[in-house]
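Asker: below are the sequence and a predicted model for it; my questions follow.
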Amino acid sequence: MSAKILMPLALAAAAVFVTPAAAQEASAPVQPTEFDFNRDTITVGAAGVYLSDYEGSNDYRFTAAPGAVGSIKGYGFVLAGNRISVDLIRDKPGPVWDLQAGPIGVVNFNRSSLKSIDDPRVRALGKVDTAIELGGYVGIGKTGVITSPYDQLSATVSYRHDVANAHDSGIWQPSVNYITPLSEKMAVAIFASAERAGRGYATTYFSVSPTQTLASGLPTYNARAGWKNYSLGGLYTYSLTGNLLKGFKIVAGGTYVRMLNGFADSPLVRIAGSRNQWLGAVGLAYTF
């Protein structure tokens, strides 16, 4: 998963943390009259993010990312920075199996601005047009699996394809996520994900043509489709006012991404960057 896609995930996690299943304390459940567990809920916020200049870079910078997440009449949505998804299968209350499916869209800004890239060799390759990646996802989740009746485990797989002719190829992404509340005010999550990118993606972002070699000094390279990376991360949220269902909360997260195969062997990664990618985010959100 690229840094541009990952950067708002700390805010996106707040959508899960404010669901009714995560609102109770495992050791001391809140009285049902205190909350309406089936009510609509929306969380909005913003995060400061530390991320790499481009996918595979070893230079980092700070930026900001907005987010809005929630559930309306059982239908969930996530708008997180450059990524949006909607679950079109209505959620059922309680510790039940949750089927998930819906559309997903990503605006991929990777290398679309030379001003955000420090390495002069990579700048010399030229900028890439912004990609508009549209597709869908399916998944399954379960509430009440390990630590309490309120923790959640889910697995999803998504596919999106660039419709703006920037890289004109697709990305498959399987993911596994686990979330558990620690109290009425605090919750944590861990996740694992991987991405398989098509030939067009590899050529656009990781190949170096002979002309680009003359301009940058990086060796010519022909990248191929395949598994691009895997990522491991964790998230934490703490309610500053009220509880996980209402009020202000702080959300923080960190992610490690490992570039793989021919993508990791690209001169943009092997010479000008690093196979090891890191991301950190701290945000403030409000649930109402």
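Answerer: Nice, I can see it. All values derive from a computational prediction rather than experimental measurement. Residues are numbered from 1 along each chain as shown.
Asker: neighbours around the nearest residue to residue 113 once chain neighbours are set aside, how many?
Answerer: Nearest non-adjacent residue to residue 113, counting by C-beta to C-beta, 6 or more residues apart in numbering: residue 127, 6.6 Å away. All C-beta atoms are positioned from the backbone trio N, CA, C, and that covers glycine. Counted with other C-beta atoms under 10 Å, the neighbours of residue 127 add up to 14.
Asker: repeat for residue 120
Answerer: Per other C-beta under 10 Å, the neighbour tally for residue 120 reads 11.
Asker: for the one 10 residues further on, same thing?
Answerer: With neighbours defined by other C-beta under 10 Å, the count for residue 130 comes to 16.
Asker: can you give me the helices for the stretch 51-200 of the chain?
Answerer: Using DSSP state H, counting those that start in this stretch, the helices found in the stretch 51-200 of the chain span residues 120-123, 199-206.
Asker: export these to a markdown table and append columns for mean pLDDT and distance to residue 77.
Answerer: Below are the helices of the stretch 51-200 of the chain laid out as a markdown table (pLDDT from 0 to 100; distance: least, C-beta to C-beta, whole Å):
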| stretch | mean pLDDT | distance to residue 77 |
| --- | --- | --- |
| helix 120-123 | 98 | 35 |
| helix 199-206 | 98 | 26 |
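Asker: highest mean neighbour count out of those helices?
Answerer: helix 199-206 (a mean of 21; mean count of other C-beta atoms under 10 Å).
Asker: which elements pack onto it?
Answerer: strand 226-239, helix 261-264, helix 267-270 (3 or more C-beta pairs under 8 Å, 6 or more residues apart in numbering; DSSP states H and E).
Asker: hmm, 10 Å instead?
Answerer: Helices and strands touching helix 199-206, by 3 or more C-beta pairs under 10 Å, 6 or more residues apart in numbering; DSSP states H and E, are strand 97-108, strand 131-143, strand 152-162, strand 170-181, strand 186-197, strand 226-239, helix 261-264, helix 267-270.
Asker: nearest to residue 120, out of the ones you listed?
Answerer: When the helices and strands packed on helix 199-206 are compared by C-beta to C-beta, helix 267-270 sits nearest residue 120, at 12.9 Å.
Asker: give me the contacts around that closest one.
Answerer: For helix 267-270, contacts defined as C-beta atoms under 10 Å, 6 or more residues apart in numbering pick out 54-58, 111, 119, 121-122, 125, 205-208, 212-213, 216-221, 223, 259, 262-264, 273, 275-277.
Asker: can you add mean neighbour count and distance to residue 48 and give the helices and strands packed on helix 199-206 back as JSON lines?
Answerer: Formatted as JSON lines, these follow (neighbours: other C-beta atoms under 10 Å; distance: least, C-beta to C-beta, whole Å):
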{"stretch": "strand 97-108", "mean neighbour count": "17", "distance to residue 48": "20"}
{"stretch": "strand 131-143", "mean neighbour count": "19", "distance to residue 48": "25"}
{"stretch": "strand 152-162", "mean neighbour count": "19", "distance to residue 48": "27"}
{"stretch": "strand 170-181", "mean neighbour count": "20", "distance to residue 48": "23"}
{"stretch": "strand 186-197", "mean neighbour count": "20", "distance to residue 48": "19"}
{"stretch": "strand 226-239", "mean neighbour count": "20", "distance to residue 48": "15"}
{"stretch": "helix 261-264", "mean neighbour count": "20", "distance to residue 48": "28"}
{"stretch": "helix 267-270", "mean neighbour count": "22", "distance to residue 48": "26"}
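Asker: save these as CSV, and put in mean pLDDT too.
Answerer: Output for the helices and strands packed on helix 199-206, formatted as CSV (pLDDT from 0 to 100):
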stretch, mean pLDDT
strand 97-108, 93
strand 131-143, 94
strand 152-162, 95
strand 170-181, 94
strand 186-197, 94
strand 226-239, 94
helix 261-264, 97
helix 267-270, 98
